[in-house]
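Q: Here's a sequence, model it:
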Amino acid sequence: MMNSRAAFVAVGLGVSVLTLLRGVVLMTVLAYDDLGLVALVQSVILFSGLMHFGLLNGGYRLLCHAGPGYKQRIIDLAYTGFGTIGAVMALAAVILSFWLDTDLYRVIAGLAAIAGFCTLVRSWMTNEMVAAGRLGAVNMINASSMLASLAVLVLLYSGVSSIDPALVAVMAMAVQPVLFVTLSWATGAALKPRRFKMSRRLAGIIFSAGFTLFLTGIAIQLMNLMERSYVLSELGLEPLGRLYLAFLFVTLFQLAPNLIQQVFLPNIVKHRKARDAAGVSRELRHLLAITVGYSLAAIIALWLLAEPLLGLVLPQYVADLHWVYLIMPGLIAFTLSSPFALTFNVVIDYTWYVVAYGAGVLLTIGAFGVALLADTPFSLDGVMILRSAIYTAMAVLLVIGWWRLSRRYPEFRLRGR
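A: Modelled structure (predicted):
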């Protein structure tokens, strides 16, 4: 039961609810400036967790159909790469600590480096376990690590500890990936490396399959980091904190579609390898139907329930829903384009990924650059409208790319053969 695709998605959604609960707790205790710091640190963690240079994407693509011996070679190479990446992250944290002016910020920088590295390894472990069909293990470990993260939040309340609230928030974020990695190894759920070895030929295959997709993944986090850095430098830490609700919503909203795609990708790859065009088309239609249903449910829930529920739990943040509403149209468009974009990953042709995500980065740089040069800063409304527009532009380009690619690969058209 726990190994079914439905259970995997259900547990993933449950973890999303717990992530929402964590965000609500932080919003009840932290001031806006602390929330701004947390939002910035979270962006750094996620950005660091994507610094795999294609190892995750290419490795996962190969793991979906690799035999036992080949799979172990991939895992050995992956952890060899992680060791190198981890050393670079540690060095970066040490160098950064010399630029920070308080011990609190230095500790937070260290925790962010650890959390970023473990987020990277957690993503690999999740991919490896999903590709092997060990969905039950992912479910149990994911839920356990999230519950531990929530438990750390007890330290926020007076009488329990005197630790700085912002530091507690970062600790709670760091515990989740650290514990996930620890439990995955301790229980044997994730395969361990047998030796550390870098095969140039295998590395070439993996990186050729994953490097371009890595660039697209890092593009989103780069846009997030630029956006938050711009707000921090031009408007301040407190205004950045006022966008925390919108950031939290975007993060939670994207979790379910990402989980669903993780589940569907191995089957689509297997159908295509078996030259089962009808199976490929069927799986893609099912994925699109689920994504459309999810998006409609989210729109209805946001329209009917968001304000009343937030008014009951966190009435002081009801006004901040304004920025959620501004980013929602583009976010929906971007989410609906994701099933089409999965085609690029299956056929390992990432041209349109590069076009769409490259356009997103260039538009972000261009918009903020012009605002800085003209000395006409964006308001918070402008920042959210800009992000929504960029999401929409990227979605249009991704769908155009799918349409062009489906002319060469008719199995990806949304009809049976």
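
Q: just how off-centre is stretch 306-317 within its chain?
A: When C-alpha coordinates are averaged (Cα atoms, centre = their mean, to the nearest Å), stretch 306-317 and its chain have centres 26 Å apart.

Q: And it, what's buried?
A: Buried residues in stretch 306-317, defined by neighbour count with 16 or more other Cβ atoms under 10 Å: A306, L310, Y317. Using the backbone N, CA and C atoms, a C-beta is placed for each residue, glycine as well.

Q: Compute the distance between the second one and Y244, please.
A: Note on L310: its distance to Y244, by Cβ to Cβ, to the nearest Å, is 13 Å.

Q: ditto for the last one
A: For Y317, the distance to Y244 (Cβ to Cβ) stands at 9 Å.

Q: Would you mind listing the buried residues in the helix or strand in which R282 is found?
A: According to DSSP states H and E, R282 maps onto helix 277-304. By neighbour count on 16+ other Cβ under 10 Å, the buried set for helix 277-304 is 277, 279-284, 287-288, 290-291, 294-295, 298, 302.

Q: Now compare these and name the two farthest from each other.
A: Pairwise distances across those (Cβ to Cβ) peak at 37.6 Å, for the pair A277 and L302.

Q: ok, back up a step: which outside residues touch the very next helix or strand once past the helix holding R282?
A: With elements assigned by DSSP H and E, the helix or strand that comes after helix 277-304 is helix 306-313. With Cβ atoms under 8 Å, 6 or more residues apart in numbering as the test, helix 306-313 has contacts from V24, Y317, V318, L321, V324.

Q: Point out the least confident one among those.
A: Least confident entry in the contacts of helix 306-313, by pLDDT: V24, with 87.

Q: contacting residues for it?
A: Listed by Cβ under 8 Å, 6+ apart, the contact set of V24 reads V313, L314.

Q: pLDDT weak spots in the chain?
A: Scanning the chain for pLDDT under 70 picks out 1-5, 415-417.

Q: Mind listing the shared neighbours of Y317 and Y244?
A: In terms of Cβ under 8 Å, 6+ apart, Y317 and Y244 are both contacted by the residues M27.

Q: hang on, R404 packs against W352?
A: Yes - R404 lies in contact with W352 (Cβ atoms under 8 Å); the separation is 7.2 Å.

Q: The two: which is more packed in?
A: For R404 versus W352, neighbours defined as other Cβ atoms under 10 Å are more numerous around W352 (22 against 11).

Q: correct me, but L147 touches L18?
A: Yes - in this structure, L147 is within contact of L18 by Cβ under 8 Å, at 7.0 Å.

Q: Show me which of these two is the more surrounded one.
A: Ranked by neighbour count (other Cβ under 10 Å), L147 and L18 place L18 first, with 17 against 13.

Q: nearest spatial neighbour of that one, skipping sequence neighbours?
A: The shortest distance from L18 to any non-neighbouring residue, by Cβ to Cβ, 6 or more residues apart in numbering, is to M146 (4.7 Å).

Q: for that neighbour, what are its contacts?
A: With contact taken as Cβ under 8 Å, 6+ apart, M146 is in contact with V15, L18, T19, Q176.

Q: Kindly indicate the member of those residues with the most neighbours.
A: Of the contacts of M146, Q176 is surrounded by the most neighbours, 25 neighbours in total, counting by other Cβ under 10 Å.

Q: my guess is that residue meets S144, correct?
A: No - using Cβ under 8 Å, Q176 is not in contact with S144, being 9.8 Å away.

Q: how about the strands of the stretch 1-150 of the chain, start to end?
A: Assigned by DSSP state E, counting those that start in this stretch, the stretch 1-150 of the chain shows no strands.

Q: so where do the helices sit in it?
A: For the stretch 1-150 of the chain, the helices defined by DSSP state H, counting those that start in this stretch occupy 5-29, 32-48, 55-63, 68-97, 103-131, 135-152.

Q: neighbours of G36, just the number please.
A: In terms of burial, G36 registers 25 neighbours under the definition other Cβ under 10 Å.

Q: oh, I was asking about A274
A: A total of 10 residues lie near A274 under the criterion other Cβ under 10 Å.

Q: packing partners for the lengthiest helix in the chain?
A: If you go by DSSP state H, the chain has its longest helix at helix 200-234. Here helix 200-234 touches helix 32-48, helix 55-63, helix 68-97, helix 237-242, helix 351-373, helix 380-406, going by 3 or more Cβ pairs under 8 Å, 6 or more residues apart in numbering; DSSP states H and E.

Q: ok, back up a step: I'd like the contacts of helix 306-313 laid out as a markdown table, including secondary structure and distance to Q72.
A: Below are those laid out as a markdown table (DSSP: H, G, I helix; E, B strand; the rest coil; distance: Cβ to Cβ, whole Å):
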| residue | secondary structure | distance to Q72 |
| --- | --- | --- |
| V24 | helix | 43 |
| Y317 | helix | 49 |
| V318 | helix | 53 |
| L321 | helix | 49 |
| V324 | helix | 45 |
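
Q: Take those and lay them out in TSV including distance to R272.
A: Formatted as TSV, the contacts of helix 306-313 follow (distance: Cβ to Cβ, whole Å):
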residue	distance to R272
V24	42
Y317	46
V318	48
L321	42
V324	38
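
Q: Between these, which sits nearest A209?
A: The closest of these to A209 turns out to be V324 (Cβ to Cβ; 36.3 Å).

Q: show me the contacts for the closest one.
A: Neighbouring residues of V324 by Cβ under 8 Å, 6+ apart: L245, A246, F249, L302, A306.

Q: Identify, from the residues you listed, the entry nearest to I74.
A: Nearest to I74 among the contacts of V324, counting by Cβ to Cβ, is F249 at 35.8 Å.

Q: Could you find the closest non-adjacent residue to the closest one?
A: Distances taken as Cβ to Cβ, 6+ apart put V324 closest to F249, at 4.9 Å, once the chain neighbours are dropped.
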